[in-house]
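Peer 1: pasting the sequence and the predicted coordinates here, then a few questions.
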Amino acid sequence: MQAARKAATFTAVALAATLGASQCLADYEQGDVIVRIGWGLVDPDDDSDLLRIDNTVDLLDTRVYVDDGDSATFTGTWLFADHFGLGLLVALPFEHDLSVGGLPDPNNPGDLLGKVDLGSIEHLPPTLTVQWFPVCKESWVQPYVGIGVNFTTFMDEDISNVAQDYFEDVLNASSNASLKLDDSWGLAGEVGIDIMFGRDSNWLFNAAVWYLDIDTKAKIDFRTTQGANTRITTDVDIDPFVYSIGLGYKF
């Protein structure tokens, strides 16, 4: 399903680029500002290292999974030259559910549990790119590509009741566990398309895809019944594709 969605998106962009190369009606020129609002889906291509307890004990066969999240997106482009612009992606917080696979089964020694609900997080992924608009500046169809940098900050990290019970039963947690994910800096790439609604209209339809390099360290902390502070850590690669469609206006 994910592969089909990605293929369909890139196919649509390629077709629109072909149209744009032959249809010249409107202006995208130096000094223009384009603002867009839409709805975006964050589709993680996730992976993680093994969970490690107190930086000494690896929990073999474990990994963290990050589910999809969606939210409102806001993008803008300032054309600092014909065919070239600075693009900015911002959004309302995206929320994701987290789960852990491969934890030891406390009721069946030697067996492993399936995915266990770990909790949830929210994140903001502001992204700045340099964009190239390859077709004639008068075209009413404006495909573009961009490359730049992403900063992701995490918030509202919560541990689920299921995970809390596991920590208490198996790892002797005596306090509520806390979850924290470090901020991330990484590269970003994008492919998008603006389609004007007509020769004399400044309104447009937009579709865009980003790939964001988001790598973070997850830390779970709690106190045990023996009075010790325990920390579980793992490096998590979220590395999502972000799909967005919406409307925009060219100033």
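Peer 2: Okay, I see it.

Peer 1: buried residues in stretch 186-198?
Peer 2: 186, 188-196 (16 or more other C-beta atoms under 10 Å). C-beta here means a position set from N, CA and C on the backbone, and glycine is covered the same way.

Peer 1: show me what the mean pLDDT comes to for it.
Peer 2: Over the span of stretch 186-198, the pLDDT mean works out to 95.

Peer 1: partners of whichever strand or helix holds Gly76 in the sheet?
Peer 2: Counting by DSSP states H and E, the element that carries Gly76 is strand 69-81. Partners of strand 69-81 in the sheet, by DSSP bridges, are strand 33-44 (antiparallel), strand 84-91 (antiparallel).

Peer 1: now do the same end-to-end measure for stretch 77-86.
Peer 2: Start-to-end span of stretch 77-86 (C-alpha to C-alpha, to the nearest Å) is 5 Å.

Peer 1: the particular helix or strand that has Tyr144 in it pairs with which strands?
Peer 2: Secondary-structure assignment from DSSP H and E places Tyr144 in strand 141-159. Strand 141-159 has the following strand partners under DSSP bridges: strand 116-124 (antiparallel), strand 127-132 (antiparallel), strand 184-196 (antiparallel).

Peer 1: any chance of those strands in JSON lines, plus distance to Thr73?
Peer 2: Formatted as JSON lines, those follow (distance: least, C-beta to C-beta, whole Å):
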{"stretch": "strand 116-124", "distance to Thr73": "11"}
{"stretch": "strand 127-132", "distance to Thr73": "10"}
{"stretch": "strand 184-196", "distance to Thr73": "11"}
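
Peer 1: out of these, which comes closest to Ile232?
Peer 2: Each of the strands paired with strand 141-159 was scored for nearness to Ile232 using C-beta to C-beta, and the closest is strand 116-124 (10.2 Å).

Peer 1: ok, back up a step: mind listing what's buried in the strand holding Tyr144?
Peer 2: Across strand 141-159, burial judged by 16+ other C-beta under 10 Å covers 141-146, 148, 150-152, 154, 157, 159.

Peer 1: moving C-terminal of it, what's the next helix or strand?
Peer 2: Moving toward the C-terminus from strand 141-159, the first helix or strand encountered (DSSP H and E) is helix 161-171.

Peer 1: what does the helix or strand just after that following helix contact?
Peer 2: Following the chain from helix 161-171 toward its C-terminal end, the next helix or strand by DSSP H and E is strand 178-181. The list of residues contacting strand 178-181 from outside it, by C-beta atoms under 8 Å, 6 or more residues apart in numbering, reads 118-119, 121, 123, 154, 157-159, 216-222, 236.

Peer 1: what does stretch 217-231 give?
Peer 2: Where contact means C-beta under 8 Å, 6+ apart, the residues beyond stretch 217-231 that reach it are 48, 53-55, 64, 159, 167, 171-182, 232-236.

Peer 1: run a quick neighbour tally on Ile214.
Peer 2: The local packing of Ile214 (other C-beta atoms under 10 Å) involves 27 other residues.
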